[in-house]
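Q: need a structure here:
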Amino acid sequence: MTASSEGVRRAPFLPEAASRFLRRRAIQLAGLALLAVAGVLALALISYAPGDPSFNTANSRGVANLAGLPGAYAADLLLQAVGAAAALLIAILAAWSWALISCRGMRLLWLRIALCPLSIVLAATGFASLAPPTAWPVEAGFGGGGGMFVPLVGREMGVREIIIPQASSVFSAWGMLMTDIVQEYAQTVLLLLDDIEMSDLTKAAAELADNARADLVSAGFPESAQLIEHAAELRYFGQEHSLEVSIDGADSLDELRARYDEAHRRRYGHAMDDAVQLVNLRVRGIGREPKPDLPRVAERPAGNAPAPRATRSAYCFAAGGPADFAIYDRTTLMAGDSLPGPAVIEEATTTVVYFSDQTAAIDVFGQIVITPQTKTAEAGS
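A: This is a model prediction of the structure:
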């Protein structure tokens, strides 16, 4: 008697328990590999030496970087690209590796991967500013989709304030209409500061400035609406990239050298004793356009709280599951309104989504200002 092939079930190659064990160990090995990558990158960044061979520097000396020549190149590439925000990449890789090693899993992996470069770019922008990153707001003004993902990126990074302006979908275009007219003039020099005189530098800058003033007058800008800026592009001898430093008010080449050292220290975290080379002399002729006053929105009368027009169930990243989102119409919001999350604010050209650990407030210009909820507010809710 023969058995039907449909009734025969092939036995698994490994018992279920052994299969689960191997799968768990494979995930943990992947986590360890990711942790090793994070560790090597951390070692490369910590031991970064500006004089090491890299994409910007060539020398015949040995490599000081503890991760060797690949570490020297990797550290230089990361610091040149995103500066101090490179540390965030290491933190993200370490967090992912711990999630794999502890077998906690990584939900929404595609979203984590997509948010990783966005978070690093935003962190690099914050670190590049003069103000401390924790006090620097993030503006969601990059098109209609900005309001949908910036609150999520902001909460992942711990940003204290997110500003969504009026007409955010055309905010960039509005900024172009508001911007001043700028004419740029440049003259290549390629001389060491030790080989030139300050008087020669100011004379060449004055000639460029005369050209800028003449062009601004021909464009219809009177002298009262003109602004002339003088700058020099400098670099340490042997480097590829240069930094622009203002020469306005500089009385000597020593002062110009000090300004460049400070700019290099602020951008890259260090200064060098190498000779400084002048690459380009630049002059900007700026024609100032009149700026209109921003309209203010009306304040809501006392005791008249804003009411959502509907609710909608959606996934809340703060709650870790589905939640009821209040739906607001932005055209009905007024100055002083406070809208605790989770909520969605809809308008004709964009949609703003924020979560249960965030609160939105409307300022006097109608901008939406999203901030983390305070512990007091959370306890009260």
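Q: Domain parsing of the protein, as residue ranges.
A: Listed by automatic domain parsing, the domain ranges of the chain are 16-132, 162-170+296-380, 180-287.
Q: Give me the distance between the first one and the centre of its chain.
A: What separates the centre of domain 16-132 from the centre of its chain is 17 Å, taken as CA atoms, centre = their mean, to the nearest Å.
Q: pLDDT averaged over that domain - what is it?
A: Mean pLDDT, computed over domain 16-132, is 77.
Q: picking that back up, out of the domains of the chain, nearest to residue 147?
A: domain 162-170+296-380 (3.7 Å; CB to CB). Yep, even glycine has a C-beta here, placed from its N, CA and C like the rest.
Q: And the helices in the stretch 51-200 of the chain, which stretches?
A: 68-82, 86-101, 109-128, 146-157, 171-178, 198-218 (DSSP state H, counting those that start in this stretch).
Q: for the chain, which helix is longest?
A: Ordering each helix of the chain by length in residues (DSSP state H) puts helix 16-46 first.
Q: Burial check on residue 44, number of neighbours?
A: As a burial measure, residue 44 scores 26 neighbours (other CB atoms under 10 Å).
Q: And for residue 295?
A: For residue 295, the number of neighbouring residues by other CB under 10 Å comes to 9.
Q: quick one on the thing from earlier: check which helices and strands the longest helix of the chain is in contact with.
A: With contacts taken as 3 or more CB pairs under 8 Å, 6 or more residues apart in numbering; DSSP states H and E, helix 16-46 sits against helix 68-82, helix 86-101.
Q: give me the element residue 370 is part of.
A: strand 368-372 (DSSP states H and E).
Q: List the buried residues in the longest helix of the chain.
A: The neighbour-count check on helix 16-46 (16 or more other CB atoms under 10 Å) flags 27, 31, 34, 35, 38, 40, 41, 42, 43, 44, 45 as buried.
Q: how much space between the fifth one and residue 101?
A: In other words, residue 38. Plainly put, residue 38 is 12 Å away from residue 101 if you go by CB to CB, to the nearest Å.
Q: again, but for the third one
A: With distances taken as CB to CB, residue 34 is found 9 Å from residue 101.
Q: try the second one
A: Taking CB to CB as the criterion, residue 31 is separated from residue 101 by 4 Å.
Q: Between those two, which contacts overlap?
A: Both residue 31 and residue 101 lack any common contact, where contact means CB atoms under 8 Å, 6 or more residues apart in numbering.
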